[in-house]
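Student: Coordinates for the following, if possible.
(chains A and B)
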Amino acid sequence: AQSVTQLDSQVPVFEEAPVELRCNYSSSVSVYLFWYVQYPNQGLQLLLKYLSGSTLVKGINGFEAEFNKSQTSFHLRKPSVHISDTAEYFCAVISPLYDSGTYKYIFGTGTRLKVLA
Amino acid sequence: DGGITQSPKYLFRKEGQNVTLSCEQNLNHDAMYWYRQDPGQGLRLIYYSQIVNDFQKGDIAEGYSVSREKKESFPLTVTSAQKNPTAFYLCASSPNELPGVGGYTFGSGTRLTVV
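Tutor: Model (predicted):
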């Protein structure tokens, strides 16, 4: 079965410093990978996605992620964070599991990014 | 602007009561989903629907029920059979072509508390 592991439950970082949020997945088939951001008491918003092609994916708010097939990773990075980036970040993979032919998202448990002044 | 509206934002339920959470979208999406979010557990799929008048159980459907009478609406009922309903509930939608591959659109959630 496919799974997603976010290795860090919380990541504190000072403003204007770089950050990397780690995500590893397990899968024996091709996958689609996503990062979502959730601000307090809000829904999730899509940051970026990898479907195919270039392994470096750029998203909104200056974030980017790199798909590494050999390491089964999809780490999220930002070169310089702002206070407003404080939020929870979820990595997700799509798995074609259901017999109905639809796709199922498998979400990681989330990483809380806390940007400090 | 197109989007998903969840209501109410906060909901309190007495033990033994059924409550219904509303989810409406004007994105013309075929597929709709309900997730439950608990601290440290990520999101877990409760129910999903790919088309009107059809829906499927997700991973944690026990104690919940849904209906899909209109394309725009996918209400979730939390029944008294759900033993631990206190959680944050998120509704999402996506186009049906390769559903979810383009990413989900999420509502802003309903926080349900049992009192």
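Student: and the residue of chain B found nearest chain A, how many neighbours?
Tutor: Closest residue of chain B to chain A, CB to the nearest CB: B:Phe106 (3.3 Å). The C-beta positions use only the backbone N, C-alpha and C, and glycine is treated the same way. B:Phe106 has 23 neighbouring residues, counting by other CB atoms under 10 Å in any protein chain shown.
Student: Was I right to think it contacts B:Leu90?
Tutor: Yes - counting by CB atoms under 8 Å, B:Leu90 is a contact partner of B:Phe106 at 5.6 Å.
Student: how much space is there between A:Glu64 and chain B?
Tutor: 16 Å (CB to the nearest CB, to the nearest Å).
Student: if I look at that residue, how far off is B:Leu43?
Tutor: Using CB to CB, to the nearest Å, A:Glu64 is found at 23 Å from B:Leu43.
Student: Looking at those two, which is more packed in?
Tutor: Higher neighbour count among A:Glu64 and B:Leu43: B:Leu43, with 25 against 16, using other CB under 10 Å.
Student: In terms of helices and strands, where is that one?
Tutor: strand B:42-51 (DSSP states H and E).
Student: So which residues make contact with that strand?
Tutor: For strand B:42-51, the external contacting residues (CB atoms under 8 Å, 6 or more residues apart in numbering or on different chains) are A:44, A:90, A:100, A:102, A:104-105, A:107-110, B:30-38, B:55-61, B:64, B:66, B:68, B:74, B:76, B:89-90, B:96, B:99.
Student: next one: stretch B:92-109 to chain centre, how far?
Tutor: Its chain's average C-alpha position is 12 Å from that of stretch B:92-109, according to CA atoms, centre = their mean, to the nearest Å.
Student: now swap in stretch B:85-92 and tell me
Tutor: Taking mean C-alpha positions (CA atoms, centre = their mean), stretch B:85-92 and its chain are 7 Å apart.
Student: Is chain A within reach of it?
Tutor: Yes - using CB under 8 Å from any CB of the partner chain, a contact is recorded between stretch B:85-92 and chain A, made by B:90, B:92.
Student: Kindly give a single PyMOL line that selects the buried subset of the contacts of strand B:42-51.
Tutor: Burial among the contacts of strand B:42-51 is assessed by 16 or more other CB atoms under 10 Å in any protein chain shown; the matching PyMOL selection reads:
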select buried, (chain A and resi 44+90+102+104+105+107+108+109+110) or (chain B and resi 30+31+32+33+34+35+36+37+55+58+61+64+66+68+74+76+89+90+99)
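Student: Among the contacts of strand B:42-51, name the ones in strands.
Tutor: Under the assignment DSSP state E, those contribute A:44, A:90, A:104-105, A:107, B:31-38, B:55-57, B:64, B:66, B:76, B:89-90 to strands.
Student: isn't A:Ser3 right up against A:Phe107?
Tutor: No - counting by CB under 8 Å, A:Ser3 does not reach A:Phe107; the two are 10.3 Å apart.
Student: Could you count how many residues lie near the residue nearest to A:Thr109 when sequence neighbours are not counted?
Tutor: Using CB to CB, 6 or more residues apart in numbering or on different chains and skipping the chain neighbours, the partner closest in space to A:Thr109 is B:Gly42 (4.3 Å). As a burial measure, B:Gly42 scores 20 neighbours (other CB under 10 Å).
Student: Can I take it that A:Asp8 is in a helix?
Tutor: No - applying DSSP: H, G, I helix; E, B strand; the rest coil, one finds A:Asp8 to be coil, outside a helix.
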